[in-house]
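Novice: show me the folded form of this:
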Amino acid sequence: MVAKPPAAMEAGIAGPLVLVDISGYTTFVAETELTHSQILVAELLDAVLQSLGAHLEVSRLEGDAVFFVGSSTGPELMGWFDETYLAFHRRLRKVVAERAVNCPCQACVRAPTLTVKVIAHHGHYSRFRVGQVEQLHGTDVIVLHRLAKNHVPSHEYILATAALLERLLPEQAADFVRLEEVVADLGALSVGYRDFAPLRALLH
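Specialist: Reported below is the predicted structural model:
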């Protein structure tokens with residue numbers, strides 16, 4: 001039975017909707033040993049949860065991604081996203097270093113090819129429950145997930161919608177390359193992306 005949401009929820013909650021996705025996951029899982037790939041992915045998702053979960057609410061795990069929501073969209077998000085990228089790669093390097101000596105399996109060998117991308121949007125969502133499972137509902141939830149498939153010429157980046165970019169500091173927004181993404185059933189959306197690659201220098 002679907003529970004009717006409280007009246008306060010029906011109008012929707014405004015805030016950030018964020019999807020943190022492991023880039024390279026599909027190929028990694030398809031071409032490596034299941035047991036070790038599962039262990040590695042669990043470690044990396046835990047790093048994401050520990051980092052960004054300190055600031056935003058975890059809505060749900062989605063296989064190779066974590067869906068977060070919040071109640072306030074502001075400039076602090078960019079620092080949190082950068083911290084999460086670094087936390088992901090520090091955990092990856094730690095796990096690979098621990099396993100490299102004793103495990104020559106393809107999962108451990110190919111793990112360094114994994115990285116992370118962040119899809120971020122400011123919008124509205126509501127909550128409802130089906131049994132014991134809470135779900136988020138709304139067009140903006142769909143927008144976020146549709147943008148996971150995009151034309152950004154990188155595999156590690158922040159992709160943010162115009163609705164989120166306008167809530168950043170001008171100098172933060174200026175770091176984003178602007179483009180349009182055509183989203184099925186929703187039309188063309190104005191977005192921008194910032195490559196995470198320059199942060200790799202902080203990992204050395």
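
Novice: C-alpha only now, for contacts and for neighbours.
Specialist: OK.

Novice: buried set for the longest strand seen in the chain?
Specialist: Across the chain, the longest stretch assigned as strand under DSSP state E is strand 115-130. Within strand 115-130, the residues that count as buried by 16 or more other CA atoms under 10 Å are 115-128.

Novice: would you turn the residues you listed into CSV with pLDDT and distance to Glu171?
Specialist: Below are the buried residues of strand 115-130 laid out as CSV (pLDDT from 0 to 100; distance: CA to CA, whole Å):
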residue, pLDDT, distance to Glu171
Thr115, 94, 26
Val116, 96, 23
Lys117, 97, 21
Val118, 99, 19
Ile119, 99, 20
Ala120, 98, 18
His121, 98, 18
His122, 97, 19
Gly123, 96, 22
His124, 94, 26
Tyr125, 93, 28
Ser126, 90, 32
Arg127, 86, 34
Phe128, 84, 38
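
Novice: let me know the closest of those residues to Arg60.
Specialist: Each of these was checked against Arg60 using CA to CA; the closest is Arg127, at 12.5 Å.

Novice: I'd say the closest one and Val69 touch.
Specialist: No - at 11.2 Å, Arg127 does not count as touching Val69 under the criterion of CA atoms under 8 Å.

Novice: nearest spatial neighbour of Val66, skipping sequence neighbours?
Specialist: Spatial nearest neighbour of Val66, excluding adjacent residues (CA to CA, 6 or more residues apart in numbering): Val20 at 5.3 Å.

Novice: my reading is that the one you found is in a helix; is that accurate?
Specialist: No - when DSSP: H, G, I helix; E, B strand; the rest coil is applied, Val20 is found to be strand, with no helix at that position.

Novice: list the contacts for it?
Specialist: For Val20, the set of contacting residues under the criterion of CA atoms under 8 Å, 6 or more residues apart in numbering consists of 48, 65-67, 116-119.

Novice: of all those, which comes closest to Ser190?
Specialist: When these are compared for distance to Ser190 (CA to CA), Ile119 comes out closest, at 13.3 Å.

Novice: for the helix ranked longest in the chain, what is the distance to the chain centroid?
Specialist: Longest among the helix segments of the chain by residue count, using DSSP state H, is helix 76-100. Relative to the centre of its chain, helix 76-100 is centred 13 Å away, using CA atoms, centre = their mean, to the nearest Å.
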